[in-house]
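> Let me see the structure of the following:
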Amino acid sequence: MIERALLSTFDKTGLEEFASGLAELGVEIVASGGTADYLAEHGVEVKRVEDLTEIPELLGGRVKTLHPRIHAAILARRDHPDDLAALDEHGIHPFDLVCVNLYPFTQVVSRHGVKEEDAVEMIDIGGPSMLRAAAKNFAHVAPVCRPERYGSILAELHESGQIALETRRALASEAFSVTAAYEAAIASRSPRP
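Predicted coordinates for the structure are as follows:
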């Protein structure tokens, strides 16, 4: 069952429909800053990440989701009693789905005349961390990183009430491919000594 989802996206394509579809299925939606604002503006009931972490976004938004209340909720193995006990002890509720897409580093650095400091700000830290954590824990969490997947995920949830292990495995593979390509793009454009 998908009971709780974490959404943190730069690209909002299809997000309103996806989040609304999840909410209609009774899924609690948690979102980071701009994503939470966007969803609230579109009438989707959303809980903000800082309500969970009890810490506001820091450093101009550089630190939002890098917190044990977020990552423990993603990484907890539901078939490990010690993991569940740790969640209970700290009042942490697990996420069943993590939807993240990354800052558009490649698009920004491809622009003529872009300043290095502007390019650096397009290096996503929290997004890849959450996406990799969800992909690592695909047995319990569905990692979603492409808007093209939203419709099929909602359809699967409507049809069976869950996301099949095979689907979660495929989503994990996509997530690792996306984060690997993202890191490779950053490495290939990094200043050389």
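> the longest helix in this protein is where?
Ordering each helix of the chain by length in residues (DSSP state H) puts helix 165-189 first.
> Does anything pack onto that helix? Which helices or strands?
Under the contact definition 3 or more CB pairs under 8 Å, 6 or more residues apart in numbering; DSSP states H and E, helix 165-189 sits against helix 105-109, helix 126-136, strand 142-144. Where C-beta positions appear, they are placed from N, C-alpha and C, glycine not excepted.
> buried set for the last one?
If I follow you right, that is strand 142-144. 142, 143, 144 (16 or more other CB atoms under 10 Å).
> Okay, buried residues for the next helix or strand after that strand please.
Using DSSP states H and E, the helix or strand that follows strand 142-144 in sequence is helix 150-160. Using 16+ other CB under 10 Å as the test for burial, helix 150-160 gives 150, 153, 154, 156, 157.
> who touches the second one in this structure?
Shown in contact with residue 153 (CB atoms under 8 Å, 6 or more residues apart in numbering): 18, 97, 142, 144, 163, 167.
> got TSV for these, with pLDDT too?
Supplementary listing: the contacts of residue 153 in TSV, determined by pLDDT from 0 to 100:
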residue	pLDDT
18	95
97	96
142	96
144	96
163	94
167	96
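> of all these, which comes closest to residue 126?
residue 144 (15.7 Å; CB to CB).
> what sits against the closest one?
Residues near residue 144 by CB under 8 Å, 6+ apart: 97, 98, 99, 100, 150, 153, 171.
> By pLDDT, give me the weakest of the residues you listed.
Lowest pLDDT among the contacts of residue 144: residue 100, with 92.
> May I ask which helix or strand encompasses that residue?
Element membership for residue 100 (DSSP H and E) is strand 97-101.
> Also residue 23?
Counting by DSSP H and E, residue 23 is part of helix 15-24.
> Okay, angle between that helix and strand 97-101 too, please.
170 degrees (axes from the mean of the first three to the mean of the last three CA atoms, to 10 degrees).
> Spit out the contact partners of residue 96.
Per CB under 8 Å, 6+ apart, neighbours of residue 96: 1, 2, 3, 4, 5, 27, 140, 141, 142.
> So which elements touch the helix or strand harbouring residue 69?
Taking DSSP H and E as the definition, one finds residue 69 inside helix 68-75. If you count contacts as 3+ CB pairs under 8 Å, 6+ apart, helix 68-75 packs onto strand 4-9, helix 49-53, helix 81-90, helix 126-136.
> Identify each buried residue in it, please.
For helix 68-75, using 16+ other CB under 10 Å, the buried residues are 69, 70, 71, 72, 73, 74, 75.
> Out of the helices and strands packed on helix 68-75, which gets the lowest mean score?
helix 49-53 (a mean of 79).
> and that one, C-alpha only, in PDB?
Extracted C-alpha coordinates of helix 49-53, given in PDB (Å, rounded to 0.1, in the frame of the first residue of the first chain):
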ATOM      1  CA  VAL A  49       9.000  19.000   4.900                       C
ATOM      2  CA  GLU A  50       9.900  21.500   7.600                       C
ATOM      3  CA  ASP A  51       6.800  20.400   9.500                       C
ATOM      4  CA  LEU A  52       8.500  17.000   9.800                       C
ATOM      5  CA  THR A  53      12.000  18.200  10.400                       C
END
